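Colleague: When you get a sec, could you give me coordinates for this:
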Amino acid sequence: MKIAFISFYSGHVPRGVEVLVHELASRFAKNNEVTVFQAGPAKTNAKYKTVEISVDVDWKHPETKNQASRRLGLDYWSLKVMEFTKKVLDELDKDTEIIFCLNGEWAVFLCRLWSWKHKAKLVVGGFSGPGWTDRLNLFFHPDAFVALTDFQKKWAQKNSIGVRVEKIPNGVDVSVFNPDVKPIKTNLPRPIFLCVAAFENNKQIDKTIKAVAGLEKGSLLLIGVGSLENELTELGKNLLPGRFKIEKVFEERASYYATCDVFTMTPISAESFGMV
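Modeller: Numbers count the residues shown, from 1 in each chain. Have a look, this model is predicted:
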């Protein structure tokens, strides 16, 4: 089959959805013709075809705080996704059979129109989580909506009419994450709490820092990147002197999981089921 993944942030942001795109595309490429359309450069030695779509983007531009603008899809990032998706659909082979759209709202709307016209199937993942974005995605009536949990599946069925909803939880690659992984060495006092998340407001990492600071013992290890890095670094050093560390690792992440005692992430309620 001819399958296309449309993922604006791939190649620039190594977060959950982008990791998922790479993993799924790699596996599907064994028996299908797979192309990943993204705004960033291709992964080295990828088993699938990558098409980099050029879009003039300020990757340090902050997320909008204007909820009205965000919901209307008129904020900076929504408009960039729309520009990107239009360019993708101009290049997409007309005989593409399945489109996996990994960005919401404008992207799903435009892909829905294209797929109707060219008789392709549109699949949307519920990675945004129960909330406004996925309500819109369901409203555009994809051929399939993938929920990650039973709760999300029931929510999606309740908020859609006639949309096929399937639950497919995130998987774990046991060749990477397993009991034989050698932990990293660290001088942080135990127990070590591990939080892996984007340094953005919706992950509420500031609350995690304050929670660990309220304990009599224990350290916090943060892994991630994002616009709040400086703010979180200052907060951690002030509240957890000698008990706080930030790392930017991706390939060795399993070793960091193996060295810690407790995993924690407390995002906003709309979080679906984080890849971390």
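
Colleague: Any buried residues in stretch 86-94, and which?
Modeller: Residues 87-89, 92 are the ones in stretch 86-94 that count as buried (16 or more other C-beta atoms under 10 Å). The C-beta positions use only the backbone N, C-alpha and C, and glycine is treated the same way.

Colleague: In helices, which of the residues you listed fall?
Modeller: Those of these mapping onto helices are 87-89, per DSSP state H.

Colleague: Throw these into TSV and include pLDDT and distance to K65, thanks.
Modeller: Formatted as TSV, these follow (pLDDT from 0 to 100; distance: C-beta to C-beta, whole Å):
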residue	pLDDT	distance to K65
K87	97	28
V88	97	28
L89	97	30
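
Colleague: I'd like those residues written out as CSV, with distance to L188 added.
Modeller: As requested, those are exported to CSV (distance: C-beta to C-beta, whole Å):
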residue, distance to L188
K87, 45
V88, 44
L89, 48
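
Colleague: who touches the nearest residue to T133 once chain neighbours are set aside in this structure?
Modeller: Excluding the flanking residues, the one nearest T133 by C-beta to C-beta, 6 or more residues apart in numbering is G104, at 4.3 Å. By C-beta atoms under 8 Å, 6 or more residues apart in numbering, the contact set of G104 is 124, 128, 133-134, 136-137.

Colleague: hmm, try it at 10 Å
Modeller: With contacts taken as C-beta atoms under 10 Å, 6 or more residues apart in numbering, G104 has the following neighbours: 73, 78, 81, 124-128, 132-137, 140.

Colleague: mind listing which of those residues are in strands?
Modeller: Counting by DSSP state E, the part of these found in strands is 124-125.

Colleague: contact partners of the helix or strand bottoming out on mean pLDDT in the chain?
Modeller: Across the helices and strands of the chain, mean pLDDT, DSSP states H and E gives its lowest value to helix 67-71, namely a mean of 84. Identification of contacts with helix 67-71 by C-beta under 10 Å, 6+ apart yields 63-64, 74-79, 105, 132-133, 136.

Colleague: Can you tell me how far the residue with the largest distance to the centre of the chain is from P241?
Modeller: The centre of the chain is farthest from one residue, E216, which by C-alpha atoms, centre = their mean lies 33.8 Å away. To P241, E216 is 15 Å away according to C-beta to C-beta, to the nearest Å.

Colleague: returning to what we had before: which of the ones in helices among the buried residues of stretch 86-94 sits closest to G16?
Modeller: Nearest to G16 out of these is V88 (C-beta to C-beta; 20.9 Å).

Colleague: ok so, going back, wait, which of the contacts of helix 67-71 is closest to H12?
Modeller: W77 (12.0 Å).

Colleague: now that closest one, nearest residue through space, not along the chain?
Modeller: Using C-beta to C-beta, 6+ apart, the nearest residue to W77 is E63, at 6.8 Å.

Colleague: do you know how far the one you found is from M265?
Modeller: 19 Å.

Colleague: And N45, by the same measure?
Modeller: 30 Å.

Colleague: Who has more neighbours out of the two?
Modeller: Neighbour count, other C-beta atoms under 10 Å: between N45 and M265, M265 has more, with 15 against 5.

Colleague: Note down every partner strand of the host helix or strand of F193 and its orientation.
Modeller: In the assignment (DSSP states H and E), F193 maps to strand 192-196. Paired neighbours of strand 192-196 in the sheet (DSSP bridges): strand 219-223 (parallel), strand 262-263 (parallel).

Colleague: how about the ones you listed in a markdown table, adding mean neighbour count, mean pLDDT and distance to H118?
Modeller: Output for these, formatted as a markdown table (neighbours: other C-beta atoms under 10 Å; pLDDT from 0 to 100; distance: least, C-beta to C-beta, whole Å):
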| stretch | mean neighbour count | mean pLDDT | distance to H118 |
| --- | --- | --- | --- |
| strand 219-223 | 22 | 96 | 41 |
| strand 262-263 | 12 | 96 | 43 |
